[in-house]
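Novice: Need coordinates for the following:
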Amino acid sequence: MLLSAIERFASTYDEPALMDWLLRHWPKTVLISAIYIVLVFAGKRWMEKREKYNLKWLLTLWSASLAIFSIIGTWFTFERTYNDLQEHGFKYTVCDNTFLHTGQGFWLYVFSLSKIVELGDTFFIVARKQKLIFLHWFHHVATLVYTWYATGNLVAAGRYFSSVNFAVHSLMYSYFAIRASGLIRLPRQVNITITSLQLIQMFFGIYVNVYAYIEISNGRQCDNTWPSLYASFAMYASYVLLFANFFYQTYLVKSKPGPGKPHTNGVVKNGAVAQNGYRSGKKEI
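Specialist: Take a look at the predicted model:
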């Protein structure tokens, strides 16, 4: 019932107009990103001599809202992608952008807009005086700029970039909501699983880019632009390095006992998770 109502709502939009709007306005994401970075570091400086805020239930509501949004986005983007895979094969799903005018354009449009909303994640890090690392803000900025550019230019591979991201965020934000509420204590294996899925997401993004590159290089029709392929490959490659380093530093290095330190049997105190990784009182990213 609810999903049908959402689908009817989405069908009322003029998808070509939405894509054209993103194409005309995507350069503004560079300015938005610059303002975001200035505010983040100005906020950190402002909070240095102030007490941290708790924001427990606001953070729970924020994460739960993004989890629900991501779950709905996963349902609609995966459904169409799965059907196209069954009917036309993998090449079609990577190289044909006509799906953007058959109900999916709306979902890539709202996916692109959500990247601005997700900048709000950093507010909770700054306000709660938690650790802010390069991966967090770089990931937000790069994804925002690229997503608007790719969707506005009708990049066919965007269907995979959005659907897989929706799926991972469904789990990630659900975890954050549960963790922030403090109602359930989740095992450390959940953290490791989410970080691992994020790494898989980045490797898959590289694979899709390489596939599209080969198709275009061999003179076959593939609706992906050269600037998009280069930018996307560089973005996903940097994510692989950053997330792999985060995984190593969080789950491997911190699990090893140092000189004079008791052995923890590989368990990191309070847990950790990539991207917005909440710990009790600390945030990894």
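
Novice: which residues in the protein form helices?
Specialist: Shown for the chain, the helices assigned by DSSP state H span residues 2-11, 15-25, 28-47, 56-88, 90-95, 104-117, 121-127, 134-152, 158-181, 188-217, 226-247.

Novice: just so I know, which of those lies nearest residue 253?
Specialist: helix 226-247 (9.9 Å; CB to CB). For glycine as for every other residue, the C-beta is placed from the backbone atoms N, C-alpha and C.

Novice: Counting by contacts, list what that closest one packs against.
Specialist: When contacts are defined as 3 or more CB pairs under 8 Å, 6 or more residues apart in numbering; DSSP states H and E, helix 226-247 packs onto helix 134-152, helix 188-217.

Novice: In JSON lines: the ones you listed, plus distance to residue 11, mean neighbour count and mean pLDDT.
Specialist: JSON lines is the format used below for the helices and strands packed on helix 226-247 (distance: least, CB to CB, whole Å; neighbours: other CB atoms under 10 Å; pLDDT from 0 to 100):
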{"stretch": "helix 134-152", "distance to residue 11": "18", "mean neighbour count": "21", "mean pLDDT": "96"}
{"stretch": "helix 188-217", "distance to residue 11": "27", "mean neighbour count": "17", "mean pLDDT": "95"}
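
Novice: thinking again about what came up before, could you provide the helices of the chain in a markdown table, with additional columns for distance to residue 253?
Specialist: As requested, the helices of the chain are exported to a markdown table (distance: least, CB to CB, whole Å):
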| stretch | distance to residue 253 |
| --- | --- |
| helix 2-11 | 44 |
| helix 15-25 | 41 |
| helix 28-47 | 25 |
| helix 56-88 | 27 |
| helix 90-95 | 37 |
| helix 104-117 | 31 |
| helix 121-127 | 22 |
| helix 134-152 | 16 |
| helix 158-181 | 22 |
| helix 188-217 | 14 |
| helix 226-247 | 10 |
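
Novice: picking up where we left off before, would you turn the helices and strands packed on helix 226-247 into CSV with distance to residue 27?
Specialist: Formatted as CSV, the entries for the helices and strands packed on helix 226-247 read as follows, by distance: least, CB to CB, whole Å:
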stretch, distance to residue 27
helix 134-152, 9
helix 188-217, 22
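
Novice: Determine which of those helices approaches residue 43 most closely.
Specialist: Nearest to residue 43, of all the helices and strands packed on helix 226-247, is helix 134-152, at 11.4 Å by CB to CB.

Novice: name the helices or strands packed onto that closest one?
Specialist: Taking 3+ CB pairs under 8 Å, 6+ apart as contact, the helices and strands that helix 134-152 lies on are helix 15-25, helix 28-47, helix 104-117, helix 121-127, helix 158-181, helix 226-247.

Novice: returning to that earlier point: lowest-confidence stretch among the helices of the chain?
Specialist: Per-stretch averages of pLDDT across these put helix 2-11 at the bottom, with a mean of 79.

Novice: ok and it relative to helix 104-117, angle-wise?
Specialist: Helix 2-11 and helix 104-117 meet at an angle of 100 degrees, taking axes from the mean of the first three to the mean of the last three CA atoms, to 10 degrees as the criterion.

Novice: what sits up against helix 2-11?
Specialist: Contact partners of helix 2-11, identified using CB atoms under 8 Å, 6 or more residues apart in numbering, comprise 72, 75-76, 103, 106-107.

Novice: ok, now stretch 30-42?
Specialist: With contacts defined as CB under 8 Å, 6+ apart, stretch 30-42 is touched by 116, 119, 122, 126, 132, 137, 140-141, 144-145.

Novice: Take the helices and strands packed on helix 134-152 and write them to TSV, including mean neighbour count and distance to residue 188.
Specialist: Putting the helices and strands packed on helix 134-152 into TSV (neighbours: other CB atoms under 10 Å; distance: least, CB to CB, whole Å) gives the following:
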stretch	mean neighbour count	distance to residue 188
helix 15-25	15	39
helix 28-47	14	28
helix 104-117	21	29
helix 121-127	20	21
helix 158-181	22	12
helix 226-247	17	13
